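>>> need coordinates for the below:
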Amino acid sequence: QVQLVESGGGLVQPGGSLRLSCTASGRIFSINGMGWYRQAPGKQRELVASITRGSSTNYADSVKGRFTISRDDAKNTVYLQMNSLKPEDTAVYYCNADSIRSYSGSYLYDGYDYWGQGTQVTVSS
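Numbers count the residues shown, from 1 in each chain. The predicted model follows:
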């Protein structure tokens, strides 16, 4: 059973920093693209940043220059370093993996569109 588990959220003052982590657990063979999304109250979920298996990155315009996404495939983990945080960054942040290849007995299984449970980020003075 493959799961994504996020950590690192919390309360931070404007201008502060947080680092989110998301680790895939289970008998992982490989992970394709990964990303971070966020959803603020009353708003739709939006893409914050994504990273391909080859480590090409993409960012929402609102976070360019402030957030950095990275991955450590040896640890099956993706990170989101968030600097210069603003109140408008307040949201629940979700980790996503678009596809994960994992072991199922002696076979390899391709699963798609995995989501973590979300972690709250609150930026407030």
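
>>> contacts for the helix or strand hosting L108?
For L108, the host element (DSSP states H and E) is strand 107-115. Outside strand 107-115, the residues within contact range by Cβ atoms under 8 Å, 6 or more residues apart in numbering are 2-4, 24, 29, 94-103. To be clear about C-beta, it is placed using only N, CA and C from the backbone, and glycine gets the same treatment.

>>> narrow those residues to those that are buried.
By neighbour count, with 16 or more other Cβ atoms under 10 Å, the contacts of strand 107-115 hold V2, L4, A24, Y94, C95, N96, A97, I100, S102 as buried.

>>> for those, which one is nearest G54?
Nearest to G54 among those: A97, at 15.0 Å, using Cβ to Cβ.

>>> tell me the contacts of the residue sitting furthest away from the middle of the chain?
In the chain, S106 marks the outermost C-alpha relative to the chain mean, sitting 29.3 Å out by Cα atoms, centre = their mean. The contact partners of S106, by Cβ under 8 Å, 6+ apart, come to none.

>>> one step back: any chance of CSV for the buried ones among the contacts of strand 107-115, columns pLDDT?
Listed next are these as CSV, based on pLDDT from 0 to 100:
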residue, pLDDT
V2, 94
L4, 97
A24, 97
Y94, 98
C95, 98
N96, 98
A97, 97
I100, 95
S102, 94
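
>>> could you dump the residues you listed to JSON lines with distance to Q120?
JSON lines is the format used below for the buried ones among the contacts of strand 107-115 (distance: Cβ to Cβ, whole Å):
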{"residue": "V2", "distance to Q120": "23"}
{"residue": "L4", "distance to Q120": "16"}
{"residue": "A24", "distance to Q120": "21"}
{"residue": "Y94", "distance to Q120": "11"}
{"residue": "C95", "distance to Q120": "13"}
{"residue": "N96", "distance to Q120": "17"}
{"residue": "A97", "distance to Q120": "21"}
{"residue": "I100", "distance to Q120": "25"}
{"residue": "S102", "distance to Q120": "28"}
